[in-house]
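# Quick one, what's the 3D model for this:
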Amino acid sequence: MKQTKDLLRSLKSLAGPFPDFHNEDLTDNPTDLFLQWLHLAIEEGVHEPHAMTLSTVDENGAPDARVLILKDVSRNEWYFSTSSTSRKGEQLQSNPKVALTFYWPEMGRQVRIRGTASEMATEENSKDFLERSSEARALALLRKQSKEMIQREDLDEALLGTNEWLKQNPNMVSPNWKLFAVLADEVEFWQGDPGRKHKRVQYLRNGGHWNHRLLWP
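Prediction:
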């Protein structure tokens, strides 16, 4: 059996071929370029292109990260949702500065976003919650995300009662469910290259305007 180091070195990365990305393709606003890349990823059959890594910081300044689903994109804002009593929900309350990372390996593309997360209004939180699947709503209504679970059977038992209750109250909304909008201050687009001559473009927000610049690989 190969040692882990040798095994990892034997794996291919950035093999390509990848789509072209030219300087003349840049948009004035990074939201427009992100949506172009997202739609192309969907068209090319990238697996779960709306999955992203949300990075937060806890009360001790230690970083934390997990994969979530992108809920929407509007001008300069990217949306996600979570329970306010989850670990990430509690971290957002103490420090709303976050980073979002998208990676589409089939296209050799990565998008990094840094900004500030803000909680949306009650009506939008409720709308997002009711648009979730019944299974997802039942889990959220348990209000136990990130809490210790003594045994796996406890989950099935709790869901049994919650699913039945939810059938009788289909419009019930968890008061802890929150939709967040991340107002971006910085957005970086990274196009991988098999020869490692990666292309990087960084957008920096200056009030209501954006400036962009090329970065070395």
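# which residues sit against the longest helix that the chain contains?
The residue-count maximum for a helix in the chain (DSSP state H) belongs to helix 153-168. By CB atoms under 8 Å, 6 or more residues apart in numbering, the residues outside helix 153-168 that reach it are 134, 137-139, 141-142, 144, 149, 172. No exception for glycine: its C-beta is placed from N, CA and C like everyone else's.
# Now the helix or strand just after it: buried residues?
Next helix or strand after helix 153-168 toward the C-terminus (DSSP states H and E): strand 177-191. Buried residues in strand 177-191, counted by 16 or more other CB atoms under 10 Å: 177-182, 184, 187-191.
# now stretch 124-138
124-126, 128-129, 137-138.
# which stretches of this structure form strands?
51-57, 63-69, 72-74, 77-83, 97-104, 109-119, 177-191, 199-206, 209-215 (DSSP state E).
# could you dump the ones you listed to JSON lines with distance to residue 6 and mean pLDDT?
Shown next, in JSON lines, are the strands of the chain (distance: least, CB to CB, whole Å; pLDDT from 0 to 100):
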{"stretch": "strand 51-57", "distance to residue 6": "28", "mean pLDDT": "98"}
{"stretch": "strand 63-69", "distance to residue 6": "28", "mean pLDDT": "97"}
{"stretch": "strand 72-74", "distance to residue 6": "41", "mean pLDDT": "98"}
{"stretch": "strand 77-83", "distance to residue 6": "38", "mean pLDDT": "97"}
{"stretch": "strand 97-104", "distance to residue 6": "25", "mean pLDDT": "98"}
{"stretch": "strand 109-119", "distance to residue 6": "26", "mean pLDDT": "98"}
{"stretch": "strand 177-191", "distance to residue 6": "28", "mean pLDDT": "98"}
{"stretch": "strand 199-206", "distance to residue 6": "30", "mean pLDDT": "97"}
{"stretch": "strand 209-215", "distance to residue 6": "32", "mean pLDDT": "97"}
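# Reformat these as TSV; add distance to residue 32.
What follows is those, written out as TSV (distance: least, CB to CB, whole Å):
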stretch	distance to residue 32
strand 51-57	18
strand 63-69	22
strand 72-74	10
strand 77-83	13
strand 97-104	15
strand 109-119	13
strand 177-191	11
strand 199-206	11
strand 209-215	10
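# Point to the residue nearest the middle of the protein.
When CA atoms, centre = their mean is applied to the chain, the residue found nearest the centroid is residue 52 (3.1 Å).
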